[in-house]
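[1] After the sequence you'll find the predicted model.
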Amino acid sequence: QVQLVESGGGLVQAGGSLRLSCVASGRTFSRYTMGWLRQAPGKEREFVAALGWSGGVTYYGDSVKGRFTISRDNVKNIVYLQMNSLKPEDTAVYYCAARFSGDYDNIASYGYWGQGTHVTVSS
């Protein structure tokens with residue numbers, strides 16, 4: 001069992017930066033590929049980024065490549081999402097999740113979810 005708690009969301013102007021954090025509880029945290037996913041108002045949840053258990057392999061959604069960076073600290077049980085050059089279309093609730101199996105960019109691959117943190121980017 002893994003419990004996830006996100007933080008770091010807020011209101012930021014376009015072009016600005018935010019860093020989201022996800023604190024995990026549970027001794028098996030380091031075994032999971034961790035991901036960030038988001039859901040904008042009126043839209044379906046979408047994949048943002050994922051990071052393998054060792055931190056050596058990363059995956060990004062096309063809309064965030066080159067702007068967002070995912071990282072993890074398996075000692076502190078934290079996953080980060082550094083978001084730079086934010087755009088109004090990045091406005092969404094951002095969720096941290098642990099992947100069970102399946103494709104990294106498939107929402108259904110993720111089994112444990114946090115409660116989400118809101119990010120609003122103003123133009």
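    It's in.
[2] For the rest of this, base every contact and every neighbour count on C-alpha atoms.
    Will do.
[3] Report the central residue of the protein.
    Geometric centre of the chain, nearest residue: residue 36, 2.0 Å, by Cα atoms, centre = their mean.
[4] Let me know the helix or strand that residue 44 is in.
    Using DSSP states H and E, no element contains residue 44; it sits outside every helix and strand.
[5] Pull up the gap between residue 118 and residue 102, please.
    Taking Cα to Cα, to the nearest Å as the measure, residue 118 and residue 102 are separated by 27 Å.
[6] the more surrounded of those two?
    The residue with more neighbours, out of residue 118 and residue 102, is residue 118; 19 against 11, by other Cα atoms under 10 Å.
[7] isn't residue 14 right up against residue 89?
    No - the pair residue 14 and residue 89 fails to qualify as a contact (Cα atoms under 8 Å) at a distance of 9.5 Å.
[8] shared neighbours, these two?
    residue 121 (Cα atoms under 8 Å, 6 or more residues apart in numbering).
[9] Between the two, tell me which one has more neighbours.
    Each of residue 14 and residue 89 has its neighbours counted (other Cα under 10 Å); residue 14 has more, 17 against 13.
[10] Run through the residues that contact that one.
    85, 86, 87, 88, 121, 122, 123.
[11] what's the answer for residue 9, then?
    Residue 9 touches 18, 19, 20, 117, 118, 119, 120, counting by Cα under 8 Å, 6+ apart.
[12] redo that, cut-off 10 Å
    Residue 9 is in contact with 18, 19, 20, 21, 92, 93, 94, 116, 117, 118, 119, 120, counting by Cα atoms under 10 Å, 6 or more residues apart in numbering.
[13] Need the pLDDT of the residue nearest to the fifth one when sequence neighbours are not counted.
    The one in question is residue 92. Of all residues not flanking residue 92 in the chain, residue 40 sits nearest, at 4.1 Å (Cα to Cα, 6 or more residues apart in numbering). On pLDDT, residue 40 comes in at 97.
[14] these two touch, right, residue 40 and residue 47?
    No - using Cα atoms under 10 Å, residue 40 is not in contact with residue 47, being 11.6 Å away.
[15] Brilliant, that's me finished.
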